[in-house]
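> compute the structure for the input listed below.
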Amino acid sequence: MRGMLIAGIVILLAGAFVLFRGFSFTKDKTVLDMGPLKASVTEERAVPTWVGGAGVAIGLVLIGVGATKSRG
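As a prediction, the model looks like this:
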């Protein structure tokens with residue numbers, strides 16, 4: 001179960017990054033497209049902090065399960 005342990009560590013680190021530093025991404029959206037006339041908007045969206053908390057919790061569970069399975 002070494003794979004589960006490694007996945008737990010990666011998810012834990014990603015969740016902690018989102019929780020403490022925040023993470024945002026940009027999304028391009030076309031709002032008007034009429035022949036040669038085209039208008040687009042770039043939106044910046046932030047990942048909610050609860051996603052980081054959930055990642056930390058899931059990572060801890062996977063690390064715990066992976067550690068107990070490898071001992072068994």
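
> just the element for the closest residue to residue 27 other than its chain neighbours, please.
The shortest distance from residue 27 to any non-neighbouring residue, by Cβ to Cβ, 6 or more residues apart in numbering, is to residue 43 (4.9 Å). (Each C-beta comes from the backbone N, C-alpha and C, glycine too.) Assessed by DSSP states H and E, residue 43 sits inside strand 37-46.

> show residues contacting that strand.
Contact partners of strand 37-46, identified using Cβ atoms under 8 Å, 6 or more residues apart in numbering, comprise 22, 23, 24, 25, 26, 27, 28, 29, 30, 31, 32, 33.

> what do you get if the cut-off is 10 Å, keeping everything else the same?
Outside strand 37-46, the residues that touch it by Cβ atoms under 10 Å, 6 or more residues apart in numbering are 18, 22-33.

> and the residue nearest to residue 27, how many neighbours?
9 (other Cβ atoms under 10 Å).

> ok, it to residue 22 distance?
16 Å (Cβ to Cβ, to the nearest Å).

> likewise residue 67?
30 Å.

> also residue 9?
Residue 9 is 21 Å from residue 22, where distance means Cβ to Cβ.

> can you say which of the contacts of strand 37-46 are buried?
Neighbour counting with 16 or more other Cβ atoms under 10 Å marks residue 18 as buried within the contacts of strand 37-46.

> nearest to residue 4, of the contacts of strand 37-46?
If you rank the contacts of strand 37-46 by distance to residue 4 using Cβ to Cβ, residue 18 comes first, at 21.0 Å.

> checking that closest one next. Helix, strand or coil?
At residue 18 the chain is in helix, as set by DSSP: H, G, I helix; E, B strand; the rest coil.

> so who does it touch?
By Cβ under 10 Å, 6+ apart, residue 18 lies in contact with 46, 47, 48, 49, 50, 51, 52, 53, 54, 55, 56.

> residues near the residue nearest to the fourth one when sequence neighbours are not counted, how many?
Right, residue 49. Residue nearest to residue 49 in three dimensions, not counting chain neighbours: residue 19, with 5.9 Å by Cβ to Cβ, 6+ apart. Residue crowding around residue 19 was assessed by other Cβ under 10 Å; the count is 18.
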